[in-house]
Structures are given as C-alpha cells and as structure tokens.
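**Q** Here is the input, now give the coordinates:
(2 chains)
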Amino acid sequence: MSRYNPAEIEPRWQHYWTEHGTFVATEDSSKPKYYALCMFPYPSGSGLHVGHPESYTAIDIVARTKRMQGFNVLNPIGFDSFGLPAERAAQRENRHPAAITRERIAYFRTQLQRLGFSFNWEREVSTCEVDYYRWTQWIFLQLYERGLAYLAEVPVNWCPAQGTVLANEEVVDGRYVETGDPVERRSMKQWMLKITAYAQRLLDDLDGLDWPEGVLEMQRQWIGRSEGAEVRFDVVADGADGADGDRSFVVYTTRPDTLFGATWCVLAPEHPLVSKITTKAQREAVEAYVASARNKSDLERQVAADKEKTGVFTGATAINPVNGEKIPIWVSDYVLITYGTGAIMAVPAHDERDHAFARKFGLEIRPVYRVEDQDHDFQQAAWPGQGIAVNSGRFDGLSVAQFKPAIIAWLEEQGVGKKQVNYKLRDWLFSRQRYWGEPFPIVHTQDGQVHPVDPEDLPIGLPHVDEYRPTADGEPPLARATDWLHTTWHGQPALRETNTMPQWAGSCWYYLRYMDPHNTDLPFSPERVRYWQSVDLYIGGVEHAVLHLLYARFWHKVLFDCGLVPTSEPFKRLYNQGMILAFAYRESSGKYHAPQTVERRAGQLSEFVSAWAPNDWVQTDWYVKGTQIPVEQKLGKMGKSLNNSVDPLEIVDRYGADTLRIYEMFMGPLEQVKPWQTSGCDGVHRFLSRVWRLFVDEDSDQTRPFGTTSKAMRKALHLAIKETTDGIDQLKFNTPVAKMMELVNVAKGQVPARQDAEAFVLILSPYAPHLAEELWHRFGHEASLATEPWPTFDPTALVDETMTIVVQVMGKKRAVLEIDRAASKDQILTAAKADPAVMRFIEGKTIRKEIYVPGKLVNLVAT
RNA sequence: GCGAGAAUGGCGGAACUGGUAGACGCGCCGGACUUAGGAUCCGGUGGGGCAACCCAUGGGGGUUCGAGUCCCCCUUCUCGCACCA
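**A** So this is what the prediction gives:
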C-alpha cells in the first residue's frame, strides 16, 4: 500500500474493534456515565440512504470524544421493526413479515457496520422480536393496572386504504401522514391510553428540558392548555312545540367575561342533546344537517370550513344565566364534540368564528366591551382583545383581567358554573387492526368482561396466519388464527384481543431496554437504570417533535410513577438534525434521471418547458450524460419518487467511510436542511489523503520520521483542539473540520513533531476513526486510541509575538499594522497616524476621537 | 390566519460578548507534472475600476466612532398548527 487506501484500512480497524470489544459498555465502571442516543431506524426495504448517517455520525463523534474524556459511554443501536410497510410487503411477496424484516435489518446492519460507528452492537434490540415485545406487553399491563388503558366506543380516524384506525397525531389535513390516504370519521370500540391524565405534567416538565425551543413549543401547542369556565345553560321547557324540555347543557368558554354578549348557543352535531331538544318544525332540517356532518370525512369538513360556516337552528332556546335572556340554540359543525363540552355560547362581538356565523345567519352582534379603537365597527369585525366592560350589568367598567375572576366567582356562587382548565390533547388511540404489531395481553370472556393476561403468561406471541388481511366479517387479521384466538381464562373459555399495538409502542421505551437488553426477568433491572439514569443526548429528526417524543415522555412518567425508573423525563437534551436533501433531475417529459447519470455543461444553455410548472420555461446547463437531453435541476427530499437517493455504501466504496462521515459533518450545521452533493466528498477525501501523505511516504509505504515543532504548527493545532473540544458541547461539527484542514495546510507537507502529530490524530479520531487508528498504530502504539486522553487546549500556543491592528478612519478600514505585542496604546496610535494610507484620510482634518480596542483595532474620528 | 425559524459569492457555508465580511471546502480559471487521469501539486477567484479607491451580508429606516451581528418597518422562503370556544 502506498496511497491512502480506506478500502484496506477501514475493514481492518472495524475488525479490530469488534474483536477487542473496544466499545462494549459495562455498568461496573467507576467512571461517570454518558448516554448518547440516536433515534433508531425503521428498517425499510430501500436500506439506509445518505441522510441517515448524519445523526449517527454526530452521535458517534460525541460518543468517541466522551470516551476519550473519561466517560463510560453507552451508544446503542437497534431497530424499530414493527409497522405497516413490512406488513404490506408481506402481502405483496407472500412471505412472513418477520422474515422480510430480519432480512432488511441484516442489510441495515451491514451498512451501519461499514461506516465504523462505535455502537454497542452487543446491546442491539429489535422491537418485533418476542424477547423485546413481551416487555412492551408487560409495560402495557402496568398501564392497564393503573387504569390508564381502557376500551371505549370513540369517534376514530378510520383509514379505508390502510384498513385501520389512526391516532389523531397521525392525521394531518384529513389524511394519513405516512401515505396521504384520506381518513374518515367513524365510531368504533378501541383501546385508548389515558395520556390526558398526564397533560399537566407533560406540559410542566417541558420547562426543565434542554430541547430546541421549536420542539418545546410544538409540544406545548399540542397539549394546548387553556383556562376558562364551564357554564350551565338551561333549555327553555316548551312542550307545546314538541321539544322535550327541562334540560340543560354546559358550555366551555375561555371568555366567561363576555357572557353578557352571548346571543345564541351552538351544540356540536354529535351532541347527545341535539335530538332531544329539536322542535318538530326544525327536526327535518336538523336531522339532515347532523347526518351530513356525520358522513363527511375530516378532510371534507376542513375544506368546507375554509369557505363558510354552516348550521341549523334547533328551534329550542336557552336561558343565559347572567341575565335570564332567552337565546336560540343552533347546531353547527364548527363546534367540535371532542373538545371542551361540545357546546359553546356564541359571542359574535368578541370572537371571530362566532362573528362569521352571525353574519351568515343574521344573528345579533352585541358588544360588551368598549374598545381602544373608537372607530371599531362591530358589525364588520369581532374584537377579541382588551377593553372596558359595558352592557354587563354590575360588571360594567371592569377590564378583561378583572372581569374574569369576578364572573367566575359569581357563577360558582350561583351554582351555574365553575373555573375549568381544558387541554387540546386527547387520549391516545392505541389499537390498530393490523397483524404486524404487539398483540395485546388481553382476553375477553363470554360474559363480555375484559381481563389482563397474568404477567407470568407473557409473552403473547404473534400467531401464524394464512393471510395478513382482515377477515370476511371485518375482524383484524389476528382473528384468522383460530387456535390462538380461542383460549381460556382461569378455566373459562375466552377470546384473545385481536387488535395490535401501534408502531409507537416499541419506541416508547427502547432507550430503557438498551440499559439491560438481555434481561429475561424484567424489562430492565433497577440497578442498571440507576446507573444509566436517562439519555444525556438524543439526536433525531424534527418529524418526531410531537408523536414519538410525547408518547415516550408519557410512558416514562408512568414508569416513574410505578417506581421503575428514577427520573421523570427520559431525554435530558434533545437535538434535531436537519434533513439532507438531494438534487433531482427531470427532463421535459417528466422523467427523473439519477444524479450520477447527468452532467453539467458549463455555458451550454438549453431552454424547455418545465415539467413542474407547465407555464414556466427553464434554462439549464444540465444534460443526461452522453446525450443532448437537457434536464432541469431541483432540490428535493431524497427518495424513490425523485430518483435521487444516494446509498452510503456507494460513497464508502468510492471514498471510504471516513470521508463520508466527515463530509456529512462538513456540509453545514447539524440542525440545518442541506443539499447533498457527492462532489463535495472530493474535498474531504483530498484532505484525508493529505493527512495520510503527511505521515506516510507513498513510495516506500514507510511512516515518515517526526519533525520538530514550530510556532505556526502549535498555533494551528491548538486552534483545532479548541474548536473540536467546544464543538462537542455545542454540537457544532462543521467548523472543527475546517480548523483541522487549516492545520494540514499549515503543515505544508512538513511532518510535525511527535507530540503535535499525536494530538492531531487524537482530535481527528472521532471524525475519521479508521485513519486515525491506522496512524496511531504506525506511530508505534499497540492499543486502540479509543480511550487515550483527549488533548488539552493550551491558550498560550495562540499568543504571537506581534499583533495585527486594523486601523480605521471614520469606521472604514484604511490600514493593517503588524506591531509588537508589547506596544503601548500611544505607540500604536502614533504608528497608526504615521501610516501613509491613513495619513491620506486624516490630512487637513482634526482628530476628534481616537478609539482603541486593545490588540484589535484603532478607529480615528476625523472631520 | 396564528406560532417558530431563516435570508451572506456561481454553490455548501465561516465570522467569539458589535470591531479586518466571505474562514474551510466545492465549482470555475490559469499553470506544473503527465501516454492518460474523477490522480497530485502551485497560483487566482464577491462586483466595479488601469489605479487610488468605490460598492457589497433580502429591501428601507435608526442607534453607534464602528452593524452580517442591536432596534423599528417591509419582502421572500422553510417548518409547525389550523374552526380547540
């Protein structure tokens, strides 16, 4: 070997690490612990693409550095392996999803291992394996015992295309977030988890977390706490009209201070009172409206909501408790049955939605605040802001802040209302009508009772079925496993639960299983959890800002309440990596060409009609290689649909894993969205080749003898040490690479002294571990550098004999002085004023002010 | 509509508490060595100008000796939420 040859170096060191158990983590260490975690991947059929290793590399760099800084590091990896895509593949290929999943995991593992991550492979977990999911079932039983899991007939998001229900969080704009399939509303009996019981704690505990502000905000909004009041309205008894009177309903409002401005009430179409209070005259219209609302999908409702409000008068009236006024009761789908009480009082003067409804149906708009804007026209727009109360009886003259507590006190006194806190967060719909998930440890006896399986009877293994489809009568696929389905419970015949858990279940606690992955008695032992505590650094995509992170926090708190974990939060510090985008190339016909099949011909422009925008002409100098076919370039998410995925192994084959790792970091800040450009690897590869040549003579393959140290080298080295060290804390991985490149540029082929060389190789090692190990070995060390002490930064190495002083006149740079470090302020000012370039600008002017920033800059103010 | 974030060369990006804007790299241009090179090395590279200099961090104001950085207004883009009473 002479040239830098990662294909030879990398497998050798990967082998070494495995053989020597270099990264195996143990619990009996006297060292402080550090738990670094990347979100584990879902093993898809297309393998890892170049976007995945970004977070793994960042975590690996932290893990390797922390190890060298004396920490006992846990850096595990595993697979989130239950879920819909494997089930669909199983249907397509007519194979068992377990077989498909294991095969995919094997490829993922190969890919990951070739990138040289210091993972604790001995702790690998896979959520679909029975020795893992038996403990997911066990934890479910804990939830059940605590009354946090229950069966309920609830309106659910039914996705006909997937043949299953979905959680609220999985539905956006009336579509399933994963596939875009439309979702409709249905009422079904489902397993629910009472996450709402933890709403306040989930909200409060966000405050202590070192998480990105954006993620905290998204969680706060999702939990959606609001404070207000519940107020009871009595329905006017009016038997003569055919209505079944003498009833009441409760509305929820955050503005009880506007009660005097309520000019009607609205019930959600699903509200149970609707059918009871509707008068004969209105019955037909109301029933038609309720039916059409029920049949609308979420998507249709939302689309319709953008246009205008709809609703029907029930014919009934309610009494406003504050003034005894009779106001009409309407039905409208802008009131949601799932939020608050499913009923509202409408205050059109101070609420925009109510205002729109009033305008549509010609209802009274009655202001109850005198507002700052004297010209405000309440007929034209609502005023949701501050003011001084009017038309509110003895409350007149109060501000909003004064009015609220006063009216709540009054309502409570009168027994017609009370203070109330509400959350947008709803209970978590936890069952799916699928095969490839954890079976519930639940049986149903013939008397209709539900029973948890005894913990010692776990696991409830997934049975084999002949087909992964619902049964003819619409039961989930598990109902096909007749032998499995029929069981007994304490001697009675019973049927097993045929729903399975959603994919989130396994990922709710995997970070705990990593602490003790082979435990056969418990999900994890108390001693292990006491040692590892919780995750110190968690890196993953923002797409999990709400779903996974909220669910995992919920489970963690339940486990905390069970006394099973010592911490109330699972992830102390969270960081999001930005998505890696890639250029896609499309010809006018719309066909996509893979990036490696196109080329840029500078100066050779073509024009054609864009396939993206039929009215746009695009200019391009990109062509399909070997043809005259022009293609337009556009940035997009990496994937099959744009034909722009890059397999990391392709990069490893061409440049080596060390180049891939560094390029992933060098592209830009970790959290930023960045475009992948394979050509960028050239620069990094050149850098690593230069490092190689710096120490290895390419002709003889001999390690070159060390040189002597120099001021310039030491300065460059310690700048790099500082940057790499600080980078770990701040999770900035791009600038350290630049500083290491500068160091090599400073060396200019002169071999540094041993001390400098070794320090450099050590700080390089988290980024390019294979090359660093190879050089370390060539420097004469027997053992791996993985636990060598991290180099310390020496600030004195940065101090020069001279300093560079910028001289400005009126804030504009005019000269740069190179002057002795010991020079006094006066000496510097004299030298500055004597500089010819400076003199030209101060000549004939008076110096009004002389500003001197020590060691940096002089600014002369001359007029 | 509401909330959060961003805007710097042809491109990715640097710039500590306000103090030399464009580090480092890609690409491009020129050169060396080469049978050849997706190899290596050297030099150049924000725009304008022969030069002295001038202009430049999305746009417009302001604070300051000095603003990419701080304040106000505007534009554009990305992300999240979206009848939550």
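
**Q** Skipping its backbone neighbours, what lies nearest the residue in the stretch 701-850 of chain A positioned nearest to RNA strand B in space?
**A** The minimum distance from the stretch 701-850 of chain A to RNA strand B, using Cβ to the nearest atom of the strand, falls at A:Gly811 (2.7 Å). Yep, even glycine has a C-beta here, placed from its N, CA and C like the rest. Of all residues not flanking A:Gly811 in the chain, A:Asn859 sits nearest, at 6.2 Å (Cβ to Cβ, 6 or more residues apart in numbering).

**Q** how much space is there between that neighbour and RNA strand B?
**A** 4 Å (Cβ to the nearest atom of the strand, to the nearest Å).

**Q** for whichever helix or strand that residue is part of, the distance to its chain's centre please.
**A** Using DSSP states H and E, A:Asn859 falls within strand A:857-862. Mean-position distance between strand A:857-862 and its chain equals 49 Å (Cα atoms, centre = their mean, to the nearest Å).

**Q** do stretch A:174-190 as well
**A** The mean C-alpha position of stretch A:174-190 is separated from the chain mean by 22 Å, Cα atoms, centre = their mean.

**Q** mind listing what the residue nearest to A:Gly811 touches?
**A** Residues near A:Asn859 by Cβ atoms under 8 Å, 6 or more residues apart in numbering: A:Val807, A:Gln808, A:Val809, A:Met810, A:Gly811, A:Glu850, A:Ile851.

**Q** Tell me the one among the residues you listed nearest to A:Leu336.
**A** A:Gly811 (59.2 Å; Cβ to Cβ).

**Q** distance of the closest one from A:Ile851?
**A** 10 Å (Cβ to Cβ, to the nearest Å).

**Q** Go through the contacts of A:Asn859 and flag which are in helices.
**A** Among the contacts of A:Asn859, no residue falls in helices (DSSP state H).

**Q** now, the most widely separated pair of those?
**A** Applying Cβ to Cβ across the contacts of A:Asn859, the maximum distance is between A:Gly811 and A:Glu850, 13.1 Å.

**Q** And these two? Which one has more around it.
**A** Set A:Gly811 next to A:Glu850 and count neighbours by other Cβ atoms under 10 Å: A:Glu850 wins out with 15 against 9.

**Q** Mind listing the residues bridging to that one?
**A** Per DSSP bridges, the residues bridged to A:Glu850 are A:Leu860.

**Q** That one contacts A:Ile842, correct?
**A** No - contact criterion Cβ atoms under 8 Å: A:Glu850 and A:Ile842 do not qualify, at 10.7 Å.

**Q** Pull up the overlap in contacts between the two.
**A** Joint contacts of A:Glu850 and A:Ile842 (Cβ under 8 Å, 6+ apart) are A:Leu860.

**Q** Give the residue spans of chain A that score low on pLDDT.
**A** A:1, A:238-246, A:297-299, A:302-303, A:305-306, A:601-605, A:610-619 (pLDDT under 70).

**Q** Nearest to RNA strand B within it, name that residue for me.
**A** For chain A, Cβ to the nearest atom of the strand, closest residue to RNA strand B: A:Gly683, 2.3 Å.

**Q** Next, count neighbours for A:Lys280.
**A** 10.

**Q** same thing with A:Val130?
**A** For A:Val130, using other Cβ under 10 Å, the count is 15.
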